[in-house]
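# Compute the structure for the input listed below.
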Amino acid sequence: MGLFGKFAYSDGRWRTGGPTAVPFLLVDVHDGDIATVDYRSADASGGRFHLGYEPRVYFDEPDAAAPVDAATEAEGFARWLRDAEGRDVDPDEVRQLMPSADGAPPERGSVTGTVERLLALAGLPLPDWPTDDDAPAG
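Next comes the predicted model:
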C-alpha cells in the first residue's frame with residue numbers, strides 16, 4: 001500500500017488536512033500513484049490537475065470524468081503562483097509533469113517525487129511526508 005495523505009499549503013507553510021486560508025495549494029495523494037493538486041486564489045478562482053495518473057485511468061473508468069486540459073491547468077497554476085506567492089514558473093515545465101493526453105503518467109517514479117519536482121519549480125517548500133507509507137499523514 002502506498003502513501004495516502006492530504007497536505008495543504010497556505011500562509012507560507014504546510015499542514016495536514018485542509019487549508020486554513022485562501023490562497024491555498026492542496027495536494028491529495030492517493031496510494032502513492034495519484035496526486036490531485038487543487039489551487040485557489042483569494043478571488044476564489046483556481047483549478048485542479050493530477051500528477052501521476054488521472055483517476056479515470058487509474059481506476060479504469062475512462063468515462064467517469066473528462067480528461068484534464070493540462071495546458072489550461074498549467075497556465076492556471078502559473079497564474080496562481082504569481083498571484084499567491086509572487087513567483088513565476090514556466091507553464092510548459094509544469095505541463096511536462098502532468099499525465100499525458102491518455103491520462104497515464106509522463107514518467108515512472110513516485111508521485112511524491114513528481115510533487116517535489118513541481119514544488120521545486122514553483123520555489124515552494126516541501127511538505128513533511130510521512131516516513132512510513134502505511135502511516136496516516138501528520
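# where does the residue lying closest to Ala71 once chain neighbours are set aside fall, phi/psi-wise?
Closest residue to Ala71 apart from its sequence neighbours, by Cβ to Cβ, 6 or more residues apart in numbering: Arg95 at 6.1 Å. No exception for glycine: its C-beta is placed from N, CA and C like everyone else's. Dihedral angles of Arg95 (phi, psi; degrees, to the nearest 10) stand at phi -60, psi -40.
# hey, where'd the helices end up in this protein?
Taking DSSP state H as the criterion, the chain carries its helices at 55-58, 70-85, 91-95, 111-122.
# Let's have those helices in CSV, adding distance to Pro19.
Converted to CSV, those look like this (distance: least, Cβ to Cβ, whole Å):
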stretch, distance to Pro19
helix 55-58, 21
helix 70-85, 11
helix 91-95, 20
helix 111-122, 16
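# Nearest to Ala44, out of those helices?
Taking Cβ to Cβ, helix 70-85 is the member of those nearest to Ala44, at 11.8 Å.
# and the spatially closest residue to Leu124 that is not a sequence neighbour, how many neighbours?
Closest residue to Leu124 in three dimensions, ignoring its sequence neighbours and counting by Cβ to Cβ, 6+ apart: Tyr9, at 6.4 Å. By other Cβ atoms under 10 Å, the residues close to Tyr9 number 24.
# Now do the same contact list for Tyr9.
By Cβ atoms under 8 Å, 6 or more residues apart in numbering, the residues touching Tyr9 are Arg15, Pro19, Phe24, Leu25, Leu26, Val27, Leu124, Pro125, Pro127.
# mind redoing it with 10 Å?
15, 19, 21, 23-27, 39, 84-85, 119, 122, 124-127 (Cβ atoms under 10 Å, 6 or more residues apart in numbering).
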